[in-house]
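1. model the structure of this input:
(one chain, ligands or ions: 1)
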Amino acid sequence: MKVIQLGIGGMGNTWLNAVRRSEEVAHAGFVEINDAIAREQASAYSLDPATIFKSLPEALEKLNADAVIDVTPPQFHRANSTLALEAGLPVLSEKPLAGTLEDARAIVAKVQETGITHMVAQNYRYRPLTQTVKSVLETGELGALGAVRAEFFKGPRFGGFREEMPHPLIIDMAIHHFDMMRLFLGSDPSEISARSWNPPWSWFKGDASAAAAMRFKNSVFVSYSASWCSQALPTSWNANWRFDCEKGVMLVEDDVVTVQDLSQVTDRRGALANVHGDRRLVPLLEMEREGQDYLLHEFFEAVTKGAPVATSAQDNIRTVEFVFGVVQACDSGDAVKLS
Ligand SMILES: NC(=O)c1ccc[n+]([C@@H]2O[C@H](COP(=O)([O-])OP(=O)(O)OC[C@H]3O[C@@H](n4cnc5c(N)ncnc54)[C@H](O)[C@@H]3O)[C@@H](O)[C@H]2O)c1
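-> Numbering: from 1, shown residues only. As a prediction, the model looks like this:
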């Protein structure tokens, strides 16, 4: 399968390498609007400069491609996805599906109109840590899930669009954690309360810190607390998590998963007493393919064999609605209900 990759700087490096590792997918060519980046990357990756174009219409006209991988900043996703789908090409797009909820909904409408595969790169789902947590919850060994707490603190200095956009933490980063919540709970939020703020030392124009409390449709409560300009003691990119369940607790700290069970015994007077088991380490699952390698393989299977994709635009719009629901709650100060 031959793909056109849009955007070869920044995160484009990760996709250049993922396609190179793949035995199923190869590059037909590239679109890059920045000449200096195009030159640098052609040299660094030995790309044929004749296969690098300045616009998608030009690339579509000159190249023989089966699909598109979009690694441009969010504000370009709608135009790129629309052009590709109208040309009959499936799309694997970096998150977020689009820069605004309106654009994301327009992409979903185009996907429904054309019936062509469009999937979103929610790569955090396809990490051993995420899959391990999901599998513990699925076994049911901890009983019903009641509440979840997630915390994320880092202080990266990216420069570029993230330092200019509104709500960089929520829209560009928390989207991964919100998508993980949807995966872990197998449910979507129905009610969101949230606040965001910018610490005095923040180097972001938009709010870099936020706290949110969510009720999910399956009645599980989730609290989220995060910052992108925390100065020390960072968490993992995957965040730290606590899952409070009927028969125990699962903790994820610095990418280490531990579980403590609860048994109830009857004491000498016939009263119920809690007995905690040892805190035990849960080994991380091994995966044949992780992250972008997993996504690329899933995309290949969908395009060539019609296999379903988990993070289709039609499903991922729920993650986008979640993100913009939190943004709306922060901006309005009111609780937001999602249907
Ligand atoms: N899944 C993840 O873990 C992850 C991590 C980082 C970035 N991302 C996502 O990847 C996307 C790109 O982010 P980035 O950090 O690489 O941004 P970036 O600004 O560093 O790089 C974007 C690249 O695309 C090029 N570009 C911009 N507009 C273009 C257009 N219209 N056509 C072709 N090329 C264009 C730029 O010149 C640059 O080379 C964003 O949607 C971002 O959220 C995802």
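
2. going forward, measure contacts between C-alpha atoms and count neighbours the same way
-> Noted.

3. ranges for the strands of the stretch 51-200 of the chain?
-> Counting by DSSP state E, counting those that start in this stretch, the segments of the stretch 51-200 of the chain that form strands are 52-53, 67-70, 91-94, 118-121, 145-153, 189-197.

4. enumerate the residues of the chain near the ligand.
-> Contact residues, the chain versus the ligand (CA under 6 Å from any ligand atom): 6-12, 31-34, 37, 71-74, 76, 94-96, 121, 123, 172.

5. any chance you could map the helices in the chain?
-> 12-21, 35-45, 56-62, 77-86, 101-114, 128-139, 168, 175-185, 291-305, 313-332 (DSSP state H).

6. for the record, mean pLDDT for the second one?
-> Averaging pLDDT along helix 35-45 gives 98.

7. then the shortest one?
-> The average pLDDT for helix 168 rounds to 95.

8. what's in contact with it?
-> With contact meaning CA atoms under 8 Å, 6 or more residues apart in numbering, helix 168 is reached by 162, 204, 206, 207, 208.

9. nearest residue to residue 229 in space, please, no chain neighbours.
-> residue 155 (4.1 Å; CA to CA, 6 or more residues apart in numbering).

10. next up, the contacts around the closest residue to residue 171 other than its chain neighbours.
-> Nearest non-adjacent residue to residue 171, counting by CA to CA, 6+ apart: residue 323, 6.2 Å away. When contacts are counted by CA under 8 Å, 6+ apart, residue 323 is found next to 170, 171, 174, 175, 178.

11. need the buried ones from the residues of the chain next to the ligand selected in PyMOL.
-> A single PyMOL command selects the buried members of those (16 or more other CA atoms under 10 Å):
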select buried, resi 6+7+8+9+12+31+32+33+71+72+73+74+94+95+96+121+123+172
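
12. before we move on, back to that, tell me how many other residues crowd the residue nearest to residue 229.
-> 16 (other CA atoms under 10 Å).

13. how near is it to residue 34?
-> 27 Å (CA to CA, to the nearest Å).

14. for this protein, name the helix or strand with the lowest mean pLDDT.
-> strand 272-276 (a mean of 82; mean pLDDT, DSSP states H and E).

15. report all helices and strands that that strand contacts.
-> Where contact means 3 or more CA pairs under 8 Å, 6 or more residues apart in numbering; DSSP states H and E, strand 272-276 is packed against strand 256-266.

16. what's the strand it packs on in contact with?
-> Contacts for strand 256-266 (CA under 8 Å, 6+ apart): 129, 133, 142, 247-252, 272-284.

17. also stretch 66-73?
-> 1-8, 11-12, 15, 77, 80-81, 84, 89-94, 161.

18. give me the buried subset of those residues.
-> So, of the contacts of stretch 66-73, 2-8, 12, 15, 77, 80-81, 84, 89-94 end up buried under the neighbour-count rule (16+ other CA under 10 Å).

19. and the least confident helix or strand of the chain, which strands flank it?
-> Here strand 272-276 is paired, per DSSP bridges, with strand 256-266 (antiparallel).

20. buried residues in the partner strand, which are they?
-> Of the residues in strand 256-266, those buried (16+ other CA under 10 Å) are 257, 258, 259, 260, 261, 262.

21. and the two most separated of those residues?
-> 257 and 262 (16.9 Å; CA to CA).

22. give the burial count for residue 328, as a bare number.
-> Residue 328 has 18 nearby residues by other CA under 10 Å.

23. now swap in residue 231 and tell me
-> Neighbours around residue 231, by other CA under 10 Å: 13.

24. shaky segments in the protein?
-> Residues of the chain that meet the criterion pLDDT under 70 are absent altogether.

25. pretty sure the residue nearest to residue 229 contacts residue 231?
-> Yes: if you go by CA atoms under 8 Å, residue 155 and residue 231 touch, sitting 5.9 Å apart.

26. pull the CA atoms of stretch 71-82 into PDB?
-> This file holds the C-alpha atoms of stretch 71-82, laid out as PDB (Å, rounded to 0.1, in the frame of the first residue of the first chain):
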ATOM      1  CA  VAL A  71       0.700  14.700  10.300                       C
ATOM      2  CA  THR A  72       0.100  18.400   9.900                       C
ATOM      3  CA  PRO A  73      -1.100  20.700  12.700                       C
ATOM      4  CA  PRO A  74      -4.800  20.400  13.600                       C
ATOM      5  CA  GLN A  75      -6.100  23.500  11.700                       C
ATOM      6  CA  PHE A  76      -5.200  21.800   8.400                       C
ATOM      7  CA  HIS A  77      -6.900  18.400   9.100                       C
ATOM      8  CA  ARG A  78     -10.300  19.300   7.800                       C
ATOM      9  CA  ALA A  79      -9.100  20.500   4.400                       C
ATOM     10  CA  ASN A  80      -6.700  17.600   4.100                       C
ATOM     11  CA  SER A  81      -9.200  14.900   5.000                       C
ATOM     12  CA  THR A  82     -11.800  16.500   2.800                       C
END
